[in-house]
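J.: The sequence and its predicted three-dimensional model are supplied below.
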Amino acid sequence: MAKNIMIQGTMSNAGKSLLAAGLCRVLRQDGLRVTPFKSQNMALNSFITADGGEMGRAQVVQAEAAGIAPDVRMNPILLKPTTDRGSQVIVGGKALGNMDAAAYYRRKKEFIPAVLEAYESLAAEYDVIVIEGAGSPAEINLKADDIVNMGLAKLVDAPVLLAGDIDRGGVFAQLYGTVALLEAEERQRIKGLIVNKFRGDPAILKPGLSDLERLCGVPVAGVIPYLRVDIDDEDSLTERFHRQGERRDIDLAVIRLPKISNFTDFGPFERYDNVSLRYVESLRDLGHPDMILLPGTKSTIADLLWLRQSGLEAAIQKAAAAGTPVFGICGGYQMLGRSISDPDGAEAEKGTQITGMDLLPTQTVFQGDKRQTQVSGTLNPVDGILSPLSGMAYEGYEIHMGRSGDQPPLLGSGCAYGTYIHGIFDAPGIADAVLGALCRKKGLSPAILTSFDPTAYKERQYDLLAQAVRDNLDMDLVYRILNREV
C-alpha cells in the first residue's frame, strides 16, 4: 500500500493546492509513482475525465504535475456552489443533485465508504499519495463530521504538514492558533509547519520560527517564497480577478460573473506579450476591449439577471452591434441566445423562463441530466472576424445541464460566438488564430504576439514549482515523515 503525507492549511487559499502539486512533482522527479488525493473539494472550476467523470481542477493540476492522467478517484466528492447555502453534490464523478448545507452535513457520513474506496484503490497502484486538506482543521464547528482534514487523516493514518499564509498576515498566530485548537491526538499528527508565500529575507523570520517551534512542539519544515509560476488557480480568491494592469495592444475583457466557473478557460491568453486579460464586474471597468469573453457559470439564469441589472448586458449588446466580438463558453454561450428556460427546476425555480441577449439563434432548456464528456474534432466553418478558426482541430470537455438544440461545436452569428467546449483555447493554434484575427482587425501585425509551445510551457512551470519546493522545504524531513521515522 502507498505511503502518504497530507498538506493542511490554516485557512482557505493558504496555498495548499500549489504545495501539493509541487510535492507531487518533486516525488515524481525522484522516481516515485505519486498521486494526489482530496476527499472533498468545493470549487466551481471542474474538469471532465476521459471516462466522463467530473472532478475539481486542483487535483487535475496535481495529477499533471505527477505525470499521470486525472482520475475522479483523486477527488471523490466535489461540491459546486449554486447559492450561498447550497451546492450541487458530485460523488465519484457523477452528480447526485443539489443540497443545502444542512442536508449535506446530515448525509456526509454516508459518503465515507466512497471516499475510502477511492483512496484504497489508489493506494494499491501508487507509491505515495499526497493528500490535500480543505479550509482549516481548526474549524471547530465542523470537526464532528470532518472527512477532509483531521477526520480523513485519522481514517487513512496520514501525517500532516500544516501551512500558513504569511502574505495575508499573522502567520505565527495562524499556525499556533490552529495547533492549539486541535485535540491532543490531532496535534500528534502534525509533523512539520510551513510558512508559505514569504517575500523578503528569511533571516528576519528566524527568531519567530524558533519561538513557533517551541510553542507548537513541531519543527518548521520550510519557508516557501511567494511563487510566481503560471499554474491554474482553483480558488475563487485567485489574484487573477484583481489584476488591472495596463491595457496592451490587444485587450480582452472577461466578465466576472458572481458564480463564475472554469475561468481557467482563458488562461492561455495571459501567456502572450502585448495582450492584456482583465476580469470585469462593473460597467465602469469594461471600457472598449477588443473582445469580450463570457465565461461559464454554475447559475446561468441568476448571473444573466445580474448582468441585466448591472448594465453590463446592454453594454455587451451595444459593443457587439458596433463590431466588437463577444465569445461565450458554456453558461456564457447560453446567455448569448434568445431564451433560457428551466421547466423542472434543475438550476432555478421550477418553470423559470427568461429572455437571453439575443445575439445567437439558440434557445436553451435546462434538464435534470448533466452532459459531461471529453470532446475533440474539427471546428465547423464560421463567418466574421473569427473565420480563421474554421476547420481547426479542437479538443476539450463539455459539462452542462442546459441543452441548446442541435448546434455545431462553434456557433457564430454576426460578432457573437459561442461554444460548450471548455478548454477550447488550449488546443494548438486556437488562441493564436483568435489573437491574430484581432490584430488584423486593428491593423496590427500578428508578429507582435509571442507564440509558444503550451505543453512545454506548462511542464516548465511545474518544474519551476518543484524546484522552489525542493529548495525551500526540508525534503529529508519529508522522506522521514513518509517512512514514519518522525
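T.: Arrived safely, thanks for sending.
J.: For the rest of this, base every contact and every neighbour count on C-alpha atoms.
T.: Fine.
J.: What are the boundaries of the helices in the stretch 151-300 of the chain?
T.: With helices called from DSSP state H, counting those that start in this stretch, the stretch 151-300 of the chain shows them at 171-181, 184-189, 206-216, 283-286, 300-310.
J.: list the buried ones in the fourth one?
T.: Counting neighbours by 16 or more other Cα atoms under 10 Å, one finds that the buried residues in helix 283-286 are Leu286.
J.: Leu473 versus the closest residue to Leu209 other than its chain neighbours, what's the distance?
T.: Closest residue to Leu209 apart from its sequence neighbours, by Cα to Cα, 6 or more residues apart in numbering: Val220 at 6.9 Å. With the distance defined as Cα to Cα, to the nearest Å, Val220 ends up 9 Å from Leu473.
J.: where does the protein have low pLDDT?
T.: For the chain, the stretches with pLDDT under 70 are 233-245.
J.: which ones are touching Met335?
T.: By Cα atoms under 8 Å, 6 or more residues apart in numbering, Met335 lies in contact with Thr300, Leu304, Gly328, Gly356, Met357.
J.: mind redoing it with 10 Å?
T.: Each residue near Met335 by Cα atoms under 10 Å, 6 or more residues apart in numbering is listed here: 294, 296, 300-301, 303-305, 307, 313, 328-329, 354-360, 362-364, 418.
J.: Val160 too?
T.: Taking Cα under 10 Å, 6+ apart, we find Val160 in contact with 4-9, 131-133, 149-150, 153, 186-193, 481.
J.: burial count for Ile204?
T.: Number of residues near Ile204 (other Cα atoms under 10 Å) recorded here: 9.
J.: Need the three-state assignment for Leu96.
T.: Assigned with DSSP: H, G, I helix; E, B strand; the rest coil, Leu96 falls in the strand class.
J.: Sorry, slip of the keys, the one I care about is Cys24.
T.: helix.
J.: these two touch, right, it and Arg33?
T.: Yes. Using Cα atoms under 10 Å, Cys24 is in contact with Arg33, at 9.2 Å.
J.: residues shared between the contacts of those two?
T.: Residues touching both Cys24 and Arg33 (Cα under 10 Å, 6+ apart) are Ala66, Gly67, Val128, Ile129.
J.: Nearest to Glu395 among these?
T.: Proximity of the shared contacts of Cys24 and Arg33 to Glu395 (Cα to Cα) peaks at Gly67, which lies at 19.6 Å.
J.: Now for that closest one: which residues touch it?
T.: Residues near Gly67 by Cα under 10 Å, 6+ apart: Cys24, Arg25, Arg28, Gln29, Arg33, Val34, Thr35, Val61, Glu459.
J.: distance of it from Pro36?
T.: From Gly67 to Pro36 the distance is 11 Å (Cα to Cα).
J.: Who is Val195 paired with across the strands?
T.: Beta-bridge partners recorded for Val195 (DSSP bridges): Gly164, Val223.
J.: correct me, but it touches Leu162?
T.: Yes. Using Cα under 10 Å, Val195 is in contact with Leu162, at 8.7 Å.
J.: If you count surrounding residues, which of the two has more?
T.: Comparing Val195 with Leu162 by other Cα under 10 Å, the one with more neighbours is Leu162, at 28 against 24.
J.: Return the residues in contact with the more buried one.
T.: 6-10, 14, 16, 133, 136-137, 175, 178-179, 189-196, 220-221.
J.: Can you spell out which helices and strands pack onto the longest helix along the chain?
T.: In the chain, assigned by DSSP state H, the helix with the most residues is helix 454-472. Secondary-structure packing of helix 454-472 (3 or more Cα pairs under 10 Å, 6 or more residues apart in numbering; DSSP states H and E): helix 16-29, helix 57-66, strand 220-225.
J.: quick one on the thing from earlier: same list, the helices of the stretch 151-300 of the chain, but as TSV with distance to Gly368 please.
T.: Supplementary listing: the helices of the stretch 151-300 of the chain in TSV, determined by distance: least, Cα to Cα, whole Å:
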stretch	distance to Gly368
helix 171-181	41
helix 184-189	42
helix 206-216	50
helix 283-286	34
helix 300-310	15
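J.: between those, which one is nearest to Met99?
T.: Taking the helices of the stretch 151-300 of the chain one by one with Cα to Cα, helix 300-310 is closest: 17.6 Å.
J.: next helix or strand past that closest one?
T.: helix 312-321 (DSSP states H and E).
J.: For that next one, what is the distance to the chain centroid?
T.: Its chain's average C-alpha position is 28 Å from that of helix 312-321, according to Cα atoms, centre = their mean, to the nearest Å.
J.: So which elements touch it?
T.: Applying 3+ Cα pairs under 10 Å, 6+ apart, we find helix 312-321 packed against helix 283-286, strand 291-294, helix 300-310, strand 326-329, strand 416-419.
J.: and Leu379, which of the ones you listed is closest to it?
T.: Set against Leu379 and scored by Cα to Cα, those come closest in strand 416-419, at 10.5 Å.
J.: just the CA coordinates of the helix or strand just after that closest one, formatted as PDB?
T.: Where DSSP H and E defines the elements, the next helix or strand beyond strand 416-419 is helix 430-441. Written as PDB, here are the backbone C-alpha positions of helix 430-441 (Å, rounded to 0.1, in the frame of the first residue of the first chain):
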ATOM      1  CA  ILE A 430      -6.700  28.200 -31.400                       C
ATOM      2  CA  ALA A 431      -5.600  31.100 -29.200                       C
ATOM      3  CA  ASP A 432      -3.100  32.100 -31.900                       C
ATOM      4  CA  ALA A 433      -5.800  32.300 -34.500                       C
ATOM      5  CA  VAL A 434      -8.200  34.400 -32.300                       C
ATOM      6  CA  LEU A 435      -5.500  36.900 -31.300                       C
ATOM      7  CA  GLY A 436      -4.200  37.100 -34.900                       C
ATOM      8  CA  ALA A 437      -7.700  37.900 -36.100                       C
ATOM      9  CA  LEU A 438      -8.000  40.700 -33.500                       C
ATOM     10  CA  CYS A 439      -4.600  42.100 -34.600                       C
ATOM     11  CA  ARG A 440      -5.600  42.200 -38.200                       C
ATOM     12  CA  LYS A 441      -8.900  43.900 -37.300                       C
END
